[in-house]
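In: requesting a structural model of the entry that follows:
(2 chains)
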Amino acid sequence: MNDISLLQQYWWFLVSLLGALLVFLMFVQGGQSLIWTLGKTEEHRRMLLLATGRKWELTFTTLVVFGGAFFASFPLFYSTSFGGAYWVWILILLCFVLQAVSYEFQLKNSNVLGTNTYRAFLFLNGVLGPLLIGTAVGTFFTGAEFVVDKVAVTNPAMPVISRWATPWHGLEAALVPQNLLLGLSVFLLTRMLACLYFLGCMADAALRETCRRRLWMEGFFFLLFFLTWLGYWLTSTGFGYIPENGMVYLQDYKYLNNLLAMPAVSAVLLLGVVLVLAGLVLGIRGWGKAFWLAGPGSVLAVLAILLCAGWNCTAYYPSVADLQSSLTLVNSSSSLFTLKTMTIVSFLIPLVLAYIAWAWRALDRKPITPDEV
Amino acid sequence: MDPIDTSLVDWSRAQFALTAMYHWIFVPLTLGLGVVMAIMETLYVRTGREFWKQTARFWMKLFGINFAMGVATGIILEFEFGTNWSNYSWFVGDIFGAPLAIEGIVAFFMESTFIAVMYFGWNKVSKGAHLASTWLTIIGATISAWWILVANAWMQYPVGMEFNPDTVRNEMVDFAAVALSPVAVVKFCHTVTSSWVLGAAFVVGVSCWYLLRGRHQEFARASIRVACWFGLVAALLTAHTGHQSGRDIAQLQPMKLAAAEGLYEGGHNQGLVLAAALRPGVDWANPGEKSPFLFHIEMPGALSFLATHDFNGYVPGIRNILEGGYKLPDGSTALSAQEKMQRGRTAIAALATYRQTNDAAEKQAALESLRENFAYFGYGYLSSPADLVPPVALTFYSFRVMVMVGGFYLALFAGLLLLGKWICRWKLALLAVVLSTPLAWMASQAGWVVAEVGRQPWAIQGLLPNVAAISRLDVGAVQTTFFIFLGLFTLLLVAEVSIMVKAIAAGPEVE
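Out: Residues are numbered from 1 along each chain as shown, chains lettered A, B, ... in the order given. Purely as a prediction, here's the structure:
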């Protein structure tokens, strides 16, 4: 394996890890979508929003860094997907804009729109954020409608190298059932994680009991949708490429084959799923720390799934409009120099994780009481 | 294949300008007010006086309201490079993406982690840890500014890269040249210190309002004292870095300087225009015999000195840059716009040949031709020399607004420090200070107008014009999102201002 190939794999790992952390941290969104379901009184709603309000910026920042890291390491994906699936990304951004102001503005005097409007914004972000991101990620496995032609740069009249092959600019992804299934799975996972988080950080017994009971339904529907998607994923035809010439081809059971070819990734997936299930079961039994099983479990599971999208000679962003336009780690990555430079910067990540852990612990050491709101 | 619709370029630019200008309403206040409140919390930790704690907490409350809007408007900007400027994202993503990613890893996490401790940690962490969190929040925001300004500076002065014809993009070859380019250093210093001026102006404006209303007198006087010292130092640094920035522009973006000065016909011993009115409707690519000014007052030789550090130095005007033929600082002769466009077209044609031919000799010849003419690659996408002239009037007037308001704040901070006791008793003076507060935002926005409008038509100076940088979208789609952002951001701005006014009216919890 030459240098650049190793760094491409490393950066796909980091991008996948950021994606997995984003899914985990979207428990904030899950919590927002449950404001009115779990918070039957104003006091309870305030407690719920205080709990997620201390964490929303981490989720938001992880999304931004995920975008930045993708841009730096695989710029062709950034230019092709964002410029092509325009409407999907714009919708995702809009619902995150609404979130960013709503926590700060919702309880302020003279906030013009009223408390309930800002909470409705939070609810909207809580539903649409995970659903749209999950649906967009679904296209990593089902493909998207784009064509890339780098020679277009030499045509001064129309030098744009990437173009979308449908006028829907990304909205067509929502019509693919497998993408929707993944979107719904992510949405339900965030709600399940939110219930587990609240269970661990609330001092109010009644609110904890409401969260515990809610776990049944969220857990059941999450498993239903996720296992259905997993079944489809393992049996689906995927997109491989020949490393010698970059030729992309269709391969039956591609993602199952990837898991078989990469036993460590399979083990990570299995461990992740077991931890999520253990967290769910123990949470239903009322164990306040179950979030710390299901959360890391979801990180591991999502990480393994995303690694299967790009590793083992897989086209991580397949084109269904022109198979040979599909994006692979090889044809879409930054140069060796840039990847090396970015790799040095990535050594700061443990330091970042350390101070996040310190701040998390400092703020969550004591459970949230009604007095605090 | 249909050619690019020029209205798509215009709407894409309009959308980016809209979101950037909204974002820049909030960011300078974050950078400036953040330092002021951190200084006040430091005074609390050092003296133990509850007064400073409450003072810091009040400014933190306003900081939080503003910060939320900065975050909300900022996310759009990062992703717009992909959504609306996809060709740009590929053509230079190998260089431009790195600062954005580093900004995220190094700065955003620092900012978002410690701001939570700053707001929710008053009774959960020690005094020292809280103070450290406050400083780390603002240091994170400032580091973030560093990286995004490195990215912006690189667009004005592309260095540390090479074009790779096999991947059809520019690739980074020298990270230090990108991250520590002199243009980036000056741009960062100028932008951050001018943001400190804005933060100080805000604190002074709000405090003067309390004095005017006879409320929170001790709080207001203490805040004015801290803000004026901070603002004065910042204003002096802004003036110094502004001068350095002017020199950079003169050497690297002479067309921007010519536009900012309304200089059509350049020469030696050029004067700096102090006050003027431009003749409306002038075609700056060919203004004819009439003077482009209705009137103007200038300081003789000052523009030459600014540009060359020599009162008799040569400064090219718009005509000179379009027609070429003058001596450049390195002794070579400037090419005309037509020659540059021709060499740009040669470079593009050479790239096409390189990509398409299988003949080794032909490929090598194409590569040599590409390398020889690559410096003018971007010019090959332009259709006329007139495309190289930016909107002169907007650049010209914005430059004057920026400089005049900067001078006003320098005088205001010095005046308040020297004559504060007298001024603070005079109600008309207090009212004038309160009403002048929005000027700080006007200057800040005007500065960016000079920087960005003045470098048109380039997305990357000399390398990639806007017309070749865009995404291939329907004009209607971009128009729709433009109006969505306009409506949403305006609504949220109204809400933000309303909350801010109410919070100011409620006042701090100290007298």
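
In: CA only for contacts and neighbour counts going forward, please
Out: OK.

In: so who does B:Q270 touch?
Out: B:Q270 is in contact with B:P300, B:G301, B:A302, B:L303, B:S304, B:F311, B:N312, B:G313, B:Y314, B:V315, counting by C-alpha atoms under 8 Å, 6 or more residues apart in numbering or on different chains.

In: quick one: name the residues of the stretch 151-300 of chain B near chain A.
Out: Taking C-alpha under 8 Å from any C-alpha of the partner chain as the test, the list of the stretch 151-300 of chain B residues beside chain A reads B:T167, B:V168, B:E171, B:M172, B:V173, B:F175.

In: not counting sequence-adjacent ones, nearest residue to the fourth one?
Out: This means B:M172. Excluding the flanking residues, the one nearest B:M172 by C-alpha to C-alpha, 6 or more residues apart in numbering or on different chains is B:M161, at 4.2 Å.

In: quick check: phi and psi on that neighbour?
Out: Per-residue torsions, B:M161: phi -140, psi 170 (degrees, to the nearest 10).

In: who touches it in this structure?
Out: B:M161 is in contact with B:I95, B:N170, B:E171, B:M172, B:V173, B:D174, counting by C-alpha under 8 Å, 6+ apart.

In: of these, which pair is most distant in space?
Out: Greatest spacing in the contacts of B:M161, by C-alpha to C-alpha: B:N170 and B:D174 (12.1 Å).

In: for burial, what's the neighbour tally of the nearest residue to A:G170 once chain neighbours are set aside?
Out: Excluding the flanking residues, the one nearest A:G170 by C-alpha to C-alpha, 6+ apart is A:A85, at 3.7 Å. By the criterion of other C-alpha atoms under 10 Å in any protein chain shown, A:A85 has 26 neighbours.

In: buried residues in the helix or strand containing B:V450?
Out: Secondary structure from DSSP states H and E places B:V450 in helix B:427-453. The neighbour-count check on helix B:427-453 (16 or more other C-alpha atoms under 10 Å in any protein chain shown) flags B:430, B:433-434, B:436-437, B:439-453 as buried.

In: the stretch 1-150 of chain A: helices as residue ranges?
Out: Using DSSP state H, counting those that start in this stretch, the helices of the stretch 1-150 of chain A run over A:3-25, A:27-33, A:35-38, A:42-53, A:56-73, A:75-77, A:83-84, A:86-105, A:115-142.

In: any bit of the first one sitting next to chain B?
Out: Right, helix A:3-25. No: Helix A:3-25 does not reach chain B (C-alpha under 8 Å from any C-alpha); its nearest approach is 10.8 Å.

In: between that helix and helix A:56-73, how big is the angle?
Out: Orientation check (axes from the mean of the first three to the mean of the last three C-alpha atoms, to 10 degrees): helix A:3-25 against helix A:56-73 gives 160 degrees.

In: residue contacts, residue 311?
Out: Chain wasn't specified; assuming chain A. A:W311 makes contacts with A:Q9, A:W12, A:N258, as judged by C-alpha under 8 Å, 6+ apart.

In: wrong one, I was asking about chain B
Out: Contacts of B:F311 by C-alpha under 8 Å, 6+ apart are B:N269, B:Q270, B:G301, B:A302, B:L303, B:S304, B:F305.

In: what's the neighbour count on A:V352?
Out: Here the count is done by other C-alpha under 10 Å, and A:V352 has 17 residues near it.

In: spatially nearest residue to it (excluding sequence neighbours)?
Out: B:F109 (7.0 Å).

In: residue contacts, the closest residue to A:T314 other than its chain neighbours?
Out: Spatial nearest neighbour of A:T314, chain neighbours left out: A:G240 (4.3 Å); criterion: C-alpha to C-alpha, 6+ apart. By C-alpha under 8 Å, 6+ apart, the residues touching A:G240 are A:V248, A:Y249, A:L250, A:Q251, A:K254, A:C313, A:T314, A:A315.
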